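[1] Next come a sequence and a model predicted from it.
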Amino acid sequence: MNSEQEPQKRFISLKVKWAIGTALGAFVIFVALASTLFWSFNSDLLKQEKQAVNSSAQIISHRLENEHPVSLTEHNVQDALLKKQPARATGNFYKTPVVEGLADSHLVVTIYDRQGQPVFSTGQPQKKLVKSSREKNAQLVRGNDHRILLASRPLRREGSQQVIGYLQVENPLNSYHKRFAHMAVIALLLLLLVVLLSGLLGYFLTYLLLSPLNSIHSTLEEVSADPTRDARVEVSRANDELAKLGQMFNKMLDQTQRYINQQSQFVGDVSHELRTPMAIIQGHIQMLQRWGKEKPEILDESIDAIMQETKRMNNLVKEMLDLSRAEQVDIQFRDSTTVVNDVVNQVYNDFKMIHPDFVFMLDDDLHRPVKVKIHRDHLEQILIILCDNAIKYSTQRKEVHITLSKSLNAVEIAVQDFGEGIAPEETKKVFDRFYRVDKARSRKKGGNGLGLAIAKRLVEGYHGTISLESSLGYGSIFRVTLPIAED
Ligand code: ADP
C-alpha cells in the first residue's frame, strides 16, 4: 500500500505522554498506599468499638444477673442499674451507677423481659430482638442508614440456667462513619493534588530534558530544505545522552557536507579536466571538415592528435575509477596482508627492465619477509605511481633509490629521485586531486594529477601515512609507512 494513503497518526507530544504516565503512576501508588492505611486504620477503630460494645454488654448483664430478680420489669431493672457499686468492685465505671455511664456513651442498650418485651432502653434500637440462648459478641450488621455494631445475650438468674430476659447493645457507629467520610474527602483531595502535581512535574521535567531535541528538529528541517546549509545543532552543556546525540548529529552533518562538497568539486574538476581534450578533439574535427579532404598531411596530424587525446581521456577515466575505488579500501580490504619485500622486489625488477636508461637501487633493511596490512595489488599500485613519477620528473641524474626499513609497528618504503624537485609551498598540494605543479609540462608527460591522490587515499585507507620531502632542483623523497600485520 502507498504510504501516502495510510492514515496519519495524531501527533501527541512526548511531554503530554510523560505527564500522563507520571500522573498515572502517582495515582496508582497513592491509591495503593491510601487503601492500605485506610484498611489498617479502619480495622483498628472497629476493633476498639467492638471491644467497647462487648465489655458494656458484659458489665450490664453482670449487674442484672447479680440482683436476683425473678422477672425483669422496668422498675427492678432501673433499680439495679442505678445502684452504687459496693467497695470491692474496682475501676471507675463500676463505682458509678451503670445508667450514668450509659447516658454518657453513644451505645443503645435495650433490656427485654423473658417474653421479649422491652423493659428498659437508653435510646431507639434499630434492630429487633432475635431471641437466642447463645451469647453473640459485637458484629457488623446492616442498620437503618449504614452498618452498625450489634451484640446480644440472654440474661440468666445467677447460679442457674433459667433465662430471665435479654440484653441487646447497639453501637450506631455515627462518629466512626463521620470520621470515615471525613478521611475519604481528605484522601480524595490529596489524590487530586498528587495527580495534578506529578503530572505538572512530569510535563516540565520532560520539557526541560527534551529542549535539545527542538534544536535537532529545527536543524534537520533547515538541512533537509537545503543540504548545503551549514546549520548545526546547539549542543547543550549537560554531558548527557541528548548532548551526545547532538554531537553525533553535527559530526554526521559535517561528513555529509564534506561528501557533498567533494562530490560537486569532483564533478567540477572532471569537467574541467575533460574540457581540454574535448576542445582539442573538436578543433581537429573542424579542421578535418574544412581541409581534411584536400590536405592529407592535416588528416594524418589530426587523426594522431585525436588518438592521443582519446587515449588520455581513457587514462583519465581509468584513474578516476581507481580514485573512487581507493576511497573504499578501508571497508572492502580491511583484513588483507602482503609480504612487503616481495612486492617491492617485483616492482624494482620490473622498472629496471622497462627503463634500462635508469639506475635503480634497492636497500632492504628488513632482512627478512615482513607482512604489512595492505592488499598486494594496492601496494603495487602505490609503488608504480611513485616510481613512475620519479622517472617522469627526473632530469640529468637518472637514478631512483628504493629503501625498505622498519620501526616498532610499521614498515617504511622510501622512493627517492634526483630530479626537478618540488617547492616547499607545493609539497602539501601535490596530493590533491588534479593538482600539477606545472600543468602544461605534466600534461606533456601524460599526467592527470591523480596519481598521488590515489596513492594517498590508498595508504590512508590502510591506516598508513604518506609524506614528501623535496628540494627544488635536487630531487624528492616520498615515504610511505604501513602498519605491520601480526602473524
Ligand atoms: P601526475 O599524473 O601529473 O604526475 P601526480 O598526482 O602523480 O600527477 O603528481 C602531482 C604533481 O606532483 C605532478 O604534476 C608533479 O608536478 C608533482 N610531482 C609528483 N611526483 C614528483 C616528483 N617525483 N618530482 C617532482 N615533482 C613531482
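    Great, that's in hand.

[2] Can you find the helix or strand in this structure with the smallest mean pLDDT?
    The weakest-scoring helix or strand in the chain, judged by mean pLDDT, DSSP states H and E, is helix 92-95 (a mean of 48).

[3] in the stretch 51-200 of the chain, which spans are strands?
    Using DSSP state E, counting those that start in this stretch, the strands found in the stretch 51-200 of the chain span residues 108-113, 118-121, 136-142, 147-156, 163-171.

[4] which residue does the stretch 151-300 of the chain bring closest to the ligand?
    When distances are taken as Cβ to the nearest ligand atom, the stretch 151-300 of the chain reaches nearest to the ligand at residue 273, 11.0 Å away. In this view, the C-beta of every residue, glycine as well, is placed from N, C-alpha and C.

[5] Return the per-residue confidence for that residue.
    Looking at residue 273, its pLDDT is 84.

[6] To what extent is it buried, counted in neighbours?
    Neighbours of residue 273 under the rule other Cβ atoms under 10 Å: 20.

[7] need the helices for the stretch 151-300 of the chain, in chain order.
    With helices called from DSSP state H, counting those that start in this stretch, the stretch 151-300 of the chain shows them at 174-225, 241-287, 296-326.

[8] Remind me what the second one packs against, helices and strands.
    Read it as helix 241-287. helix 174-225, helix 296-326 (3 or more Cβ pairs under 8 Å, 6 or more residues apart in numbering; DSSP states H and E).

[9] next helix or strand past the shortest one?
    When you say that, I think you mean helix 296-326. helix 329-332 (DSSP states H and E).

[10] Work out the sheet partners of the helix or strand just after that following helix and label each with its direction, please.
    As assigned by DSSP H and E, the chain's next helix or strand after helix 329-332 is strand 338-339. Here strand 338-339 is paired, per DSSP bridges, with strand 371-372 (antiparallel).

[11] So what's the gap between the partner strand and the chain middle?
    Distance of strand 371-372 from the chain centroid (Cα atoms, centre = their mean, to the nearest Å) equals 41 Å.

[12] ok, now which ones touch the residue of the stretch 151-300 of the chain closest to the ligand?
    316, 434, 448 (Cβ atoms under 8 Å, 6 or more residues apart in numbering).

[13] Name the nearest of the residues you listed relative to residue 254.
    Taking Cβ to Cβ as the measure, residue 254 sits nearest to residue 434 out of those, at 23.8 Å.

[14] does the closest one really touch residue 266, like I thought?
    No. Contact criterion Cβ atoms under 8 Å: residue 434 and residue 266 do not qualify, at 9.3 Å.

[15] Please identify which of these two sits among more neighbours.
    Per other Cβ under 10 Å, whichever of residue 434 and residue 266 has more neighbours is residue 434, with 21 against 15.

[16] How about the residues of the protein by the ligand?
    Neighbours of the ligand within the chain, by Cβ under 6 Å from any ligand atom: 385, 389-390, 393, 417, 419-422, 430, 435-438, 442, 447-453, 476.

[17] Mark which of those residues are part of helices, please.
    Of the positions in the residues of the chain next to the ligand, 385, 389-390, 442, 451-453 sit in helices, assigned by DSSP state H.

[18] Including neighbour count and pLDDT, could those residues go into TSV?
    Listed next are those as TSV, based on neighbours: other Cβ atoms under 10 Å; pLDDT from 0 to 100:
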residue	neighbour count	pLDDT
385	22	96
389	23	95
390	27	96
442	17	74
451	22	93
452	23	95
453	21	94
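
[19] And these, which is closest to residue 47?
    residue 453 (92.4 Å).

[20] Not including adjacent chain positions, what is the nearest residue to the closest one?
    Closest residue in space to residue 453, ignoring its immediate chain neighbours: residue 433 at 4.6 Å, by Cβ to Cβ, 6 or more residues apart in numbering.

[21] Residue 313 now?
    residue 277 (5.1 Å).

[22] Tell me how far the one you found lies from residue 484.
    Using Cβ to Cβ, to the nearest Å, residue 277 is found at 43 Å from residue 484.

[23] With residue 181 instead?
    Taken as Cβ to Cβ, the span from residue 181 to residue 484 is 86 Å.

[24] of the two, who's got more company?
    residue 484 (18 against 11).

[25] what helix or strand is residue 38 on?
    Residue 38 is part of helix 14-66 when elements are defined by DSSP H and E.

[26] And that helix, what does it pack against?
    When contacts are defined as 3+ Cβ pairs under 8 Å, 6+ apart, helix 14-66 packs onto helix 74-82, helix 98-104, strand 108-113, strand 136-142, strand 147-156, strand 163-171, helix 174-225.
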